[in-house]
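Visitor: Turn this into a model:
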Amino acid sequence: MNWLKSVLWVTLWLTAMVFSAQVSAQLLKQSPMQHAAKPQTRVLLINPSTKTDPFWHQVQTFAQYAARDLNIQLNVIYGDAHREYQQQNLRLYLKRDAAPDYAILINYPGGNGETMRILEAAKVPFITLEQTLSVNERAALGEPGSSFKYWLYEISHDNRDAGYQLAQSLIAMARKRGIARPDVLAIGGHYGAETDHRVQGLNDYLGAQQIALQQLVHAQWQSERAAQQTAQLLRRYPYAKVIWSASDGMAMGAAQAAVLAGRSINRNVFIGGFDWLPEALERIETQQLSASVGGHFLMAAWALVVIYDHERLAEPQLLERHIRFKLAIADETNVAQIKPLVDPSNWLHVDFKDFSRSEHKELESYPFAVQSLLEHYFNSDFSR
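Guide: Residues are numbered from 1 along each chain as shown. Next up, the predicted model:
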């Protein structure tokens, strides 16, 4: 009987092995890639600032949320707020690590596109954020896909319209206080297209209202410098009622100087900036700042959505090379509704694939406008 049991066990074992081999062969025949995970697209975000910069930390955080949804491996290097450091750190990264599939960057004005040249030489496709190049640099470097083969897209917000919105909001607040034609001061960032476009929007509105801009200074995006310049400007122009600033950081520095000079925010001086920094929104809510224009903290996340589509669309060349979106104003009337938008925890229910044109073929353009986000995900309408 023992020999019969042994024969039976051997027969069963051989049958199981044959069956297993047949199943494995059939699975491989069906699709050898069905059981392999799709490799992640590797993207390098070149953060132009430092790890502690509040605005760029915000940009990076939301890019990481988008990368999670889009199956993208996102790596980050820093430019340490200087174009030469940015170029040096990029060269070191490309020498030390495998070249990424794509890169996202913002150009420093005056850098003559050197960061783009480094990526072009390494054959890394890239997307630029904002329009920061000077007029002369832009003329020399061309448009995406022209002088630089690997320059795929440019994603920017409408800085001119945003500068207009901020001026309109601040002057409307002054007029509610009975100041019909307030004297206006302005604080820009670096010399370059980003500041220029925002100031153009300011001048558009002032021209339409026949209000003169008393003086424009540049604080290089530095809060402390803006505070020092504001103190000097208020001594020179004691009747100034509106201080328009190209960033929240500089606006908060200006507000600090104005208070030290005996001014009261939203009573006899009205100050606003750009970026929707959480601290700035808190100050708007507590009457320590007047207004802020924002929504561009999502621009790197939008770049990842475009990369996702570029990888998946059969004809990615049909995507527009220049992708622009509009920002929105936050002031005392709506800041409580806007604050949830800049809180990353509130985006856990948002899937960035919802903004993809490869996932949603019915989209004829990207739904990146801030107003659209507010209406569809945060149930708020802030259109003026």
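Visitor: After the helix or strand of the chain with the lowest mean pLDDT, which helix or strand is next? Please name it.
Guide: One helix or strand of the chain scores below all others by mean pLDDT, DSSP states H and E: helix 2-30, with a mean of 43. Using DSSP states H and E, the next helix or strand after helix 2-30 towards the C-terminus is strand 41-47.
Visitor: Name the next helix or strand following that following strand along the chain.
Guide: That would be, after strand 41-47 and using DSSP H and E, helix 54-69.
Visitor: Following element in sequence after that next one, please.
Guide: The helix or strand immediately downstream of helix 54-69 is strand 72-78, counting by DSSP H and E.
Visitor: How far does that following strand sit from its chain's centre?
Guide: Remark: strand 72-78 is offset 14 Å from the chain centroid, using Cα atoms, centre = their mean, to the nearest Å.
Visitor: Partner strands of that strand, with direction?
Guide: The strands beside strand 72-78 in its sheet (DSSP bridges) come out as strand 41-47 (parallel).
Visitor: list the buried ones in the strand it pairs with?
Guide: If you call a residue buried by 16 or more other Cβ atoms under 10 Å, then strand 41-47 has these buried ones: Thr41, Arg42, Val43, Leu44, Leu45, Ile46, Asn47. Where you see a C-beta, it was placed from the backbone N, CA and C, and this is true even at glycine.
Visitor: Run through who's touching that strand.
Guide: Strand 41-47 has contacts (Cβ atoms under 8 Å, 6 or more residues apart in numbering) with 53, 56, 59-60, 63, 67, 70-79, 86, 90, 93, 98, 100-106, 115, 124, 300, 304, 307-308, 311.
Visitor: Among those, name the buried ones.
Guide: Buried members of the contacts of strand 41-47, counted by 16+ other Cβ under 10 Å: 53, 56, 59-60, 63, 67, 70, 72, 74, 76-79, 86, 90, 93, 100-106, 115, 124, 300, 304, 307-308.
Visitor: Which one of the buried residues of strand 41-47 is nearest to Ala219?
Guide: Closest approach between the buried residues of strand 41-47 and Ala219, by Cβ to Cβ: Asn47, at 21.1 Å.
Visitor: Please report the distance of the closest one from Val342.
Guide: Distance of Asn47 to Val342, computed by Cβ to Cβ, to the nearest Å: 18 Å.
Visitor: per-residue confidence at the residue most central in space within the chain?
Guide: Geometric centre of the chain, nearest residue: Met299, 2.6 Å, by Cα atoms, centre = their mean. Listed pLDDT for Met299 reads 96.
Visitor: Chain neighbours aside, what residue packs nearest to it?
Guide: Leu129 (5.0 Å; Cβ to Cβ, 6 or more residues apart in numbering).
Visitor: Roughly how far does the one you found sit from Asn112?
Guide: Separation of Leu129 from Asn112 (Cβ to Cβ) stands at 18 Å.
Visitor: neighbour-wise, which of these two wins?
Guide: Taking neighbours as other Cβ atoms under 10 Å, Leu129 and Asn112 compare with Leu129 leading, 23 against 17.
Visitor: I figured that one was touching Ala301, is that so?
Guide: No: between Leu129 and Ala301 there is no contact under Cβ atoms under 8 Å: 10.8 Å.
Visitor: contacting residues for the nearest residue to Leu74 once chain neighbours are set aside?
Guide: Leaving out its chain neighbours, the residue that sits closest to Leu74 by Cβ to Cβ, 6+ apart is Ala67, at 4.0 Å. For Ala67, the contacting residues are Val43, Gln73, Leu74, Leu304, by Cβ under 8 Å, 6+ apart.
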